[in-house]
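Colleague: This is the structure alone, sequence omitted:
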């Protein structure tokens, strides 16, 4: 998965966003290929709102002209459409009260996570239906890296795949990583539902 941060002028964003087609044109990422998965952190100049959009590359234009700049078209996945719409509202100067994240529950749980062929033992700081934040031992993974999370014990334990959305360097006690689950979501959501039923505090 490719990951990038993009800051756009309001007019640029509005020209590239096509809600009826659920696509967004970005004057960047031209090194990607059609079908690649992407995570794009989008900001609008002069606005405070920012959001991460997930999707798949549907068009690549490597050479442009004045009316058609080079860049890529992203087919925005369903879970990111609301965020894309709020960015459009912000670009138009409309008042926005957008909360990007789902409810998160403060919960410490040991997870075995495999990254780049190496297993690490991370501890969750909070969990949600879409992912979690974990305290990460050792060298931090890069934003956009894919990891595998082992859910449970035993030979046939379920696994979930996740993408690194952010990382926070610091001391050994402060290094943390944000993970967004991209497959194996049913097992993950079942685990989070148990956490919620236990009366965990909303973070």
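Modeller: Done, it's in. On a predicted model such as this, the values are computed, not experimentally measured, just so you know.
Colleague: okay, now the domains of this structure?
Modeller: What automatic domain parsing lists as the domains of the chain is 2-91, 105-197.
Colleague: Using the three-state scheme, assign residue 39.
Modeller: Under DSSP: H, G, I helix; E, B strand; the rest coil, residue 39 falls in the strand class.
Colleague: Identify the residue spatially nearest to it, adjacent ones excluded.
Modeller: Nearest non-adjacent residue to residue 39, counting by C-beta to C-beta, 6 or more residues apart in numbering: residue 3, 4.6 Å away. In this view, the C-beta of every residue, glycine as well, is placed from N, C-alpha and C.
Colleague: can I get the domains of the chain in JSON lines with mean pLDDT?
Modeller: Rendered in JSON lines, the data for those read as follows (pLDDT from 0 to 100):
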{"stretch": "domain 2-91", "mean pLDDT": "87"}
{"stretch": "domain 105-197", "mean pLDDT": "88"}
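Colleague: Any idea how many residues pack against residue 77?
Modeller: 15 (other C-beta atoms under 10 Å).
Colleague: same deal with the one 5 residues further on?
Modeller: As a burial measure, residue 82 scores 12 neighbours (other C-beta under 10 Å).
Colleague: So for the one helix or strand it maps to, what gets flagged as buried?
Modeller: Assigned by DSSP states H and E, residue 82 falls within helix 81-91. Across helix 81-91, burial judged by 16 or more other C-beta atoms under 10 Å covers 83-88, 90-91.
Colleague: Centroid-nearest residue for the protein?
Modeller: Against the mean C-alpha coordinate of the chain, by C-alpha atoms, centre = their mean, the closest residue is residue 165 at 4.7 Å.
Colleague: Now do the contacts for it.
Modeller: Each residue near residue 165 by C-beta atoms under 8 Å, 6 or more residues apart in numbering is listed here: 39, 52, 131, 143, 178-180.
Colleague: List the buried residues for whichever helix or strand it is part of?
Modeller: In this structure, residue 165 is located in strand 158-168 according to DSSP H and E. For strand 158-168, the neighbour count (16+ other C-beta under 10 Å) marks 159-165 as buried.
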